[in-house]
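Q: what shape does this take:
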Amino acid sequence: MDKSNKGATPYDARAIANLVLDKADEIGAGITQLQLYKIMYFAHGWYLATEGQRLVLQDFQAWSYGPVIRVVRDAFKGCGKAIIRTRAQRLNIYTGEFTAIDQVLDEKVIAFIDKIVRFYHAYDGWQLSDMTHEEGSPWDQVWNSKKPIGNLGLRIDESLIRNHFSRLPNRFSQN
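A: The predicted structure is shown next:
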């Protein structure tokens, strides 16, 4: 049985990925990998801007098609370009078996993710990717940096994401 995260953020990114997929299923919206990665990025950015804290534990990295969290990519890479029908699991290094990811049980976070999914699911993966590639965006600042930034894995710093989303018109306040 899944355990609660006790309502504490940040969450394992795979738990948020599973919640995004569950919310998409509730409204009949099929989500691809590319959409999932970007919807998670927008959720994390809006959460940083509106709640002042991280939504997901793991860092986003600047990949060619936009921000990605490696453990989420690893969990769903077998889905290819198809609609995701599975849920992320965790490898138990002691048994070698995959186990369920702890579910997000915090109603405030669930409602927040519901708003995010209802807004962003209408965009296909390429449209969402284009949104993350806007000039001056956190992805753009890392991916197109002229300075050697010594950034292992092209990690997108949390402060870049927070500052970017804090400047945008607020659509997703928890209040």
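
Q: neighbouring contacts of stretch 124-142?
A: Stretch 124-142 has contacts (C-beta atoms under 8 Å, 6 or more residues apart in numbering) with 32-35, 38-39, 41-42, 45, 62, 65-67, 120, 123, 149, 151, 154-157, 160-161, 164. Using the backbone N, CA and C atoms, a C-beta is placed for each residue, glycine as well.

Q: typed the wrong thing, it's stretch 28-40
A: Around stretch 28-40, the neighbours that count as contacts under C-beta under 8 Å, 6+ apart are 13, 16-17, 20-21, 24, 56, 65-69, 72-73, 76-77, 79-84, 116-117, 120-121, 123-126, 128-129, 131-132.

Q: picking up where we left off before, now list the buried members of the contacts of stretch 124-142.
A: Among the contacts of stretch 124-142, those buried by neighbour count (16 or more other C-beta atoms under 10 Å) are 32-35, 38-39, 41-42, 45, 62, 65-67, 120, 123, 154, 156, 160-161, 164.

Q: which stretches of the protein have low pLDDT?
A: 1-8, 148-153, 172-175 (pLDDT under 70).

Q: ok, which stretches of it are helices?
A: Using DSSP state H, the helices assigned to the chain run over residues 13-26, 33-51, 70-76, 107-120, 125-132, 138-143, 158-167.

Q: pipe the ones you listed into a markdown table and attach distance to Glu97 per row.
A: Shown next, in a markdown table, are these (distance: least, C-beta to C-beta, whole Å):
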| stretch | distance to Glu97 |
| --- | --- |
| helix 13-26 | 16 |
| helix 33-51 | 24 |
| helix 70-76 | 15 |
| helix 107-120 | 28 |
| helix 125-132 | 31 |
| helix 138-143 | 35 |
| helix 158-167 | 33 |
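
Q: Arg90 is nearest to which of those?
A: When the helices of the chain are compared by C-beta to C-beta, helix 13-26 sits nearest Arg90, at 6.9 Å.

Q: tell me how far stretch 45-62 lies from the chain's centre.
A: With C-alpha atoms, centre = their mean, to the nearest Å as the basis, stretch 45-62 stands 8 Å off its chain's centre.

Q: now Asp102: phi and psi?
A: Per-residue torsions, Asp102: phi -60, psi 130 (degrees, to the nearest 10).
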